[in-house]
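Novice: this one's structure only:
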Ligand code: ATP
Ligand code: MN
């Protein structure tokens, strides 16, 4: 007999069917009339299945006292129509096998509610809770939807390197990768000779796969990278991780408007898929995490994203009544409070800001004729702020070289990137979306640390 997932039973199980199920006990109640109720969960869905097991069932008398919250069991039985409300079927168990006990004195996940902060300290057990089981399933659906969106439109999935020796744009502080003996270097107090290091030069963990993606976009066509990304910023916010996953599509022959259109349809498509495939989990988030969640997501799905130039947005922020902690001026970057004002208070929907001052954006963004701005675009969403950052790339060799000089970058170090403008250069565009920020948006979770299975932040890399 093959084991069947509880999700499948709850969806299609018919009374009379024989089943074999395994999972973790959420609760057990003993009835005076010589049988027990077990709520069993196997993580395949939010709901538990109810098992009714008589005291003459095989294994009952030896094991039932150890069938406590958190214990793992295998049960054989038959599906019965359930008299209880909220469930169609239950299992009438005729044998129970105890796989692993869970000592009630020490098992941390007893039936009460636990704070998310506490659960972060027991990351090895938190996916067994309703909330974190749901996050894991929704995150999975999002990842699948991301691949599906691009694959259906003919994008090629490209794996870009995790270890890199080029510091893409200085997008963020980088983690260094080295095999040099740091203790010995500290003793000697000499300059570091990177020629002696593993790669013969200074190497780091990637902050973005964009530059490498551009190589493939200008050879095999529309492509995307989807992988881990690392930033060593010491920012302790609810929107920053030191290790996160980024999706970076890169498209030849796309101008900024095409890029915006793709970003918008991409976000809508992924949210649509989650709303369709994760109904039970999404209802849970709407009930327990954020009561306006489904409404917010519907609103995102149904309306066109507002497109506003950076310059217009600055004017708007300067003219509004709201007092901000950080003053805003043309030429400064928006802070989270500004982004949230635009998406939550003013427009009440996602906003795409474009044409940013070149002084606050990286060298590879295409320069506008006004001599002041570049073809950058950020997609801002309610509650999170920036979820996507992208741009049309500078495809003109001379302009790119000028910009590199302006940014104090040595074209020699980026010789291969510059070469792409030397041989068959084409207009092209792309963007980066942070997976965990999307998970945050879709689940309503307030802290990004709860949106990734294993959290890496300053001073924290356990599990
Ligand atoms: P922010 O200004 O919010 O710190 P950024 O402008 O530095 O972000 P980009 O370099 O534009 O970020 O990266 C593209 C996308 O990657 C962002 O829009 C965001 O969704 C995501 N992202 C960036 N940094 C982080 C981080 N530290 N943790 C999680 N996601 C991130
Ligand atoms: Mn950005």
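Specialist: Everything's here; your move. Please read all numbers here as calculations on a predicted model, not as lab measurements. Ligands and ions are numbered 1, 2, ... in the order given.
Novice: which SS class is residue 409?
Specialist: Secondary structure state of residue 409, per DSSP: H, G, I helix; E, B strand; the rest coil, is coil.
Novice: my read: it touches residue 364, true?
Specialist: No. Under the criterion of Cβ atoms under 8 Å, residue 409 makes no contact with residue 364, lying 10.0 Å away. Every C-beta, even on glycine, is put in place using the N, C-alpha and C of the backbone.
Novice: what about these two, which has more around it?
Specialist: Between residue 409 and residue 364, counted using other Cβ atoms under 10 Å, the more crowded position is residue 364 (24 against 18).
Novice: what ranges do the helices span in the stretch 301-450 of the chain?
Specialist: Chain-ordered helices for the stretch 301-450 of the chain, with DSSP state H, counting those that start in this stretch as the definition, fall at 310-319, 336-340, 397-406, 415-422, 435-443.
Novice: Sketch out the low-pLDDT regions of the stretch 351-463 of the chain for me.
Specialist: Nowhere does the stretch 351-463 of the chain drop to pLDDT under 70.
Novice: which bits of it sit near ligand 1?
Specialist: Applying Cβ under 6 Å from any ligand atom, we find that the stretch 351-463 of the chain lies next to ligand 1 at 386, 387, 388, 389, 432, 433, 434, 436, 437.
Novice: Check these and tell me the two furthest apart.
Specialist: The widest separation within those, taken as Cβ to Cβ, falls between 389 and 436 and amounts to 14.4 Å.
Novice: so the nearest residue to residue 42 once chain neighbours are set aside is in which element?
Specialist: Spatially, and ignoring its direct neighbours in sequence, residue 42 is nearest to residue 23 (3.4 Å; Cβ to Cβ, 6 or more residues apart in numbering). Residue 23 belongs to strand 18-31 when assigned by DSSP states H and E.
Novice: Deepest-packed of the helices of the stretch 301-450 of the chain, please.
Specialist: By mean neighbour count, with neighbours taken as mean count of other Cβ atoms under 10 Å, helix 435-443 ranks first of the helices of the stretch 301-450 of the chain at a mean of 24.
Novice: Return the distance of that helix from the chain's centre.
Specialist: Relative to its chain's centre, helix 435-443 lies at 5 Å (Cα atoms, centre = their mean, to the nearest Å).
Novice: Could you do stretch 70-80 as well?
Specialist: Its chain's C-alpha centre lies 34 Å from the corresponding centre of stretch 70-80 when counted by Cα atoms, centre = their mean.
Novice: Pull out the buried residues from that stretch.
Specialist: Of the residues in stretch 70-80, 70, 71, 72, 73, 74, 75, 76, 77, 79 count as buried by neighbour count, 16 or more other Cβ atoms under 10 Å.
Novice: ok, the second one - contacts?
Specialist: Under the criterion of Cβ atoms under 8 Å, 6 or more residues apart in numbering, the contact list for residue 71 reads 24, 25, 98, 99, 100, 101, 102.
Novice: ok, so of these, who is nearest residue 449?
Specialist: Sorting those by how near they are to residue 449, with Cβ to Cβ, puts residue 24 at the top with 24.0 Å.
Novice: I figured the closest one hits residue 39, correct?
Specialist: No. With contact defined as Cβ under 8 Å, residue 24 and residue 39 do not form a contacting pair (9.9 Å).
Novice: re the thing from before, any chance of a markdown table for the buried residues of stretch 70-80, columns distance to residue 115, pLDDT and secondary structure?
Specialist: Converted to a markdown table, these look like this (distance: Cβ to Cβ, whole Å; pLDDT from 0 to 100; DSSP: H, G, I helix; E, B strand; the rest coil):
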| residue | distance to residue 115 | pLDDT | secondary structure |
| --- | --- | --- | --- |
| 70 | 19 | 97 | coil |
| 71 | 24 | 98 | coil |
| 72 | 25 | 98 | strand |
| 73 | 28 | 98 | strand |
| 74 | 32 | 98 | strand |
| 75 | 32 | 98 | strand |
| 76 | 38 | 98 | strand |
| 77 | 36 | 97 | strand |
| 79 | 37 | 97 | strand |
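Novice: so which of those residues comes closest to residue 416?
Specialist: Using Cβ to Cβ, the buried residues of stretch 70-80 come closest to residue 416 at residue 72, 52.7 Å.
Novice: So which bits of the stretch 151-300 of the chain are right by ligand 1?
Specialist: With Cβ under 6 Å from any ligand atom as the criterion, the stretch 151-300 of the chain meets ligand 1 at residues 171, 172, 231, 240, 241, 244, 246.
Novice: Which of the residues you listed fall within strands?
Specialist: Of these, the ones assigned to strands by DSSP state E are 244, 246.
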